[in-house]
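Trainee: give the three-dimensional model of this entry:
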Amino acid sequence: MHNWWHMDDAQPILAALKRYWGYDSFRQKQEAIIRDILAARDVCVVMPTGGGKSLCYQLPAVLQPGKTAIVVSPLIALMQDQVAQLANMGIAAAVLNSTLDWSAQRRNESAAEAGKLALLYVSPERLARPEFLAWLESVPLSFFAIDEAHCISEWGHEFRPDYRQLKQLRRKFPGVPIAAFTASATQHVRHDIIEQLSLREPGKYIASFHRRNLNYLVEQCDTRTQTARLLAVLRKHRGESVIVYSPTKSKVAEIVDLLAENEISAVGYHAGMEAAERRENQERWMSDEVNVLVGTVAFGLGINKGPVRAVIHLSLPKSIEQFYQEAGRAGRDGEPSDCVLLWKKSDSALHAHFIKQIGDEAERERSWRRYHAIRDFVDATECRHKRICAHFSERVAWQTCGACDICVPQRTATLSAAPAVASTRRALPAPGGKARGKHAKGKRTAATVPAGVNQELLAALKRWRLERSRRDEVPAFVVLHDSTLQQVCAARPKSLDALWQIPGIGEHKLHLYGEEILAIVDSN
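Mentor: Below you'll find the predicted structure:
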């Protein structure tokens, strides 16, 4: 298929990266994936949480004016956040889902028909409808991007039958390239994705599953020790962002109350809550009003928060993929973070009970395999990082990682220590918290105060960001990320030109926020 794109021409790609995203260079594999999509080649991308997957389909969509990329995404909240982020960068994007009234839906459809949208987000359910596929023929399409592509495979840990309907895309639109993205897919699932979507000689991009900055700690507990360990980890990370995964909705409220009794502010998140309350709690956590979010597995897809210092699981996950994906929400900024799995023997009995209820024999068999894999993982006596890599068919050369309870047994011992476990990091003082010692490797976390950064200025910028996000009715992270605010503090820019040199501030954000940020810097 011929394309306007010249493979040796890196200029438009880098110019778009700087203009819209405010960055000067790509992360590993991103540029090669973008080039393949622009050359109308199918791709299959497996990239861990925080690896920058969304940029890989958003940027090539921007570089094909007059055409629309269709992004298939399973979660309404995730679609809306991404569209808000894109609008905030000056990129035309829209969503078609059940929350829109008829006129809003028609407006978005008209924009797509006219080629005025770079990206249009839709659910797999909508894409399965014959009338929607017929409508798509009136849209000038650039490519299809399938997010959370592991949902198409029965071998995946989150199989969704609606994803199976995506098979029709190749048949109905043979000339339109397909790009599949997932954060966690075993070799079996990767092959299944390629087969189900009929990808033609796709570019395969499998990033390493080894997250060096994550410290895996696994411990079998009873109810009393689980509570003690939970409080110990939260005290170690006082004043820092933490996610606690709870097995049930009722347990979420119980844990929020327990933490309140221990003077740890936390909010809950589960599917049984009103959407507005869920949204508000997520927003309070995203904007650092509260440090701890206690949620069920309903929480987390597409959560775009870099400085999460710990993820704690209070029950045995259903699979290694689920654990890897959820634990991987820690340390997306590359800084050292803890992934703690505190499981109980009763979790196994509960898993077995639910698996026995599965009517479909093949699905029951797959569930048992996933269960045995996660049990082998928690019972293992070899490096946790190595076990995870092996599960995803990645071979590693090393024997010990230096960042798990098997390779460094004293790591777990610190959780059993006195309640006020000292942090290895110097964190920003939280309300009522105390600053702590520096990290052994000299790395700094997002909660750390970098050299030369004025704490008052950082606090003032965060207050401004919260007010601005409420005024614009968008999540705080959509305005600017923590890392960008810190860079502003370190650089103390005096002009718009200087501000534009800071990573994460694109042209549109410079126009929207530039003068306000400079005024805050000037008065602090």
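
Trainee: what's the domain layout of the protein?
Mentor: 11-206, 214-415, 455-523 (automatic domain parsing).

Trainee: in JSON lines: those domains, plus mean pLDDT and mean neighbour count.
Mentor: From N, CA and C alone the C-beta is placed, and that goes for glycine too. What follows is those, written out as JSON lines (pLDDT from 0 to 100; neighbours: other Cβ atoms under 10 Å):
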{"stretch": "domain 11-206", "mean pLDDT": "92", "mean neighbour count": "19"}
{"stretch": "domain 214-415", "mean pLDDT": "89", "mean neighbour count": "18"}
{"stretch": "domain 455-523", "mean pLDDT": "91", "mean neighbour count": "17"}
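
Trainee: what distance do you get for R238 to E261?
Mentor: 15 Å (Cβ to Cβ, to the nearest Å).

Trainee: for P336, same thing?
Mentor: 29 Å.

Trainee: before we move on, what about V340?
Mentor: For V340, the distance to E261 - Cβ to Cβ - is 21 Å.

Trainee: do you have the strands of the stretch 301-450 of the chain handy? List them.
Mentor: Counting by DSSP state E, counting those that start in this stretch, the stretch 301-450 of the chain has strands at residues 308-313, 337-344.

Trainee: list the strands paired with the longest one, with their directions.
Mentor: Neighbouring strands of strand 337-344 in its sheet, by DSSP bridges, are strand 214-221 (parallel), strand 308-313 (parallel).

Trainee: Y163: which of those is closest?
Mentor: strand 308-313 (25.8 Å; Cβ to Cβ).

Trainee: who's in contact with that closest one?
Mentor: 230, 233-234, 236-237, 240-245, 323, 326-327, 329-332, 335, 337-343, 445, 447 (Cβ atoms under 8 Å, 6 or more residues apart in numbering).

Trainee: so which of those residues sit within helices?
Mentor: Among the contacts of strand 308-313, the ones falling in helices (DSSP state H) are L230, V233, L234, K236, F323, E326, A327.

Trainee: now the residues you listed as a markdown table including distance to I91?
Mentor: Compiled in a markdown table, those are given as follows (distance: Cβ to Cβ, whole Å):
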| residue | distance to I91 |
| --- | --- |
| L230 | 41 |
| V233 | 39 |
| L234 | 38 |
| K236 | 40 |
| F323 | 34 |
| E326 | 29 |
| A327 | 31 |
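
Trainee: could you identify the most distant pair in those residues?
Mentor: Across the ones in helices among the contacts of strand 308-313 (Cβ to Cβ), the longest gap, 20.6 Å, separates K236 and F323.

Trainee: just how off-centre is stretch 363-376 within its chain?
Mentor: 25 Å (Cα atoms, centre = their mean, to the nearest Å).

Trainee: which other residues reach it?
Mentor: 154-155, 157, 316-321, 323, 348, 351-352, 355-356, 358, 387, 391.

Trainee: wait, doesn't D405 sit right on Y216?
Mentor: Yes - the pair D405 / Y216 is scored as a contact, 6.9 Å apart, by Cβ atoms under 8 Å.

Trainee: could I get the phi/psi values of V122?
Mentor: Here is the backbone geometry of V122 (degrees, to the nearest 10): phi -140, psi 160.

Trainee: before we move on, what about F144?
Mentor: phi -100, psi 130.

Trainee: name the residues linked to it by a beta bridge.
Mentor: Beta-bridge partners of F144, as defined by DSSP bridges: I70, I178.

Trainee: quick one on the thing from earlier: common neighbours of D405 and Y216, please.
Mentor: R384.

Trainee: so which residues of the stretch 301-450 of the chain form helices?
Mentor: 320-327, 345-356, 361-379, 384-391, 410-415 (DSSP state H, counting those that start in this stretch).

Trainee: distance to D257 for those - can I get that in TSV?
Mentor: Shown next, in TSV, are those (distance: least, Cβ to Cβ, whole Å):
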stretch	distance to D257
helix 320-327	23
helix 345-356	21
helix 361-379	28
helix 384-391	31
helix 410-415	22
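
Trainee: of all the ones you listed, which lies closest to R279?
Mentor: Here helix 320-327 is closest among those (Cβ to Cβ), at 20.1 Å.

Trainee: for that closest one, name the packing helices and strands.
Mentor: strand 308-313, strand 337-344, helix 361-379, helix 384-391 (3 or more Cβ pairs under 8 Å, 6 or more residues apart in numbering; DSSP states H and E).

Trainee: ok, residues contacting that helix?
Mentor: 48-49, 150, 156-158, 183-186, 209, 214, 216, 243, 245, 297, 300, 311, 313, 317, 339, 341, 370, 373-374, 377, 388, 391-392.
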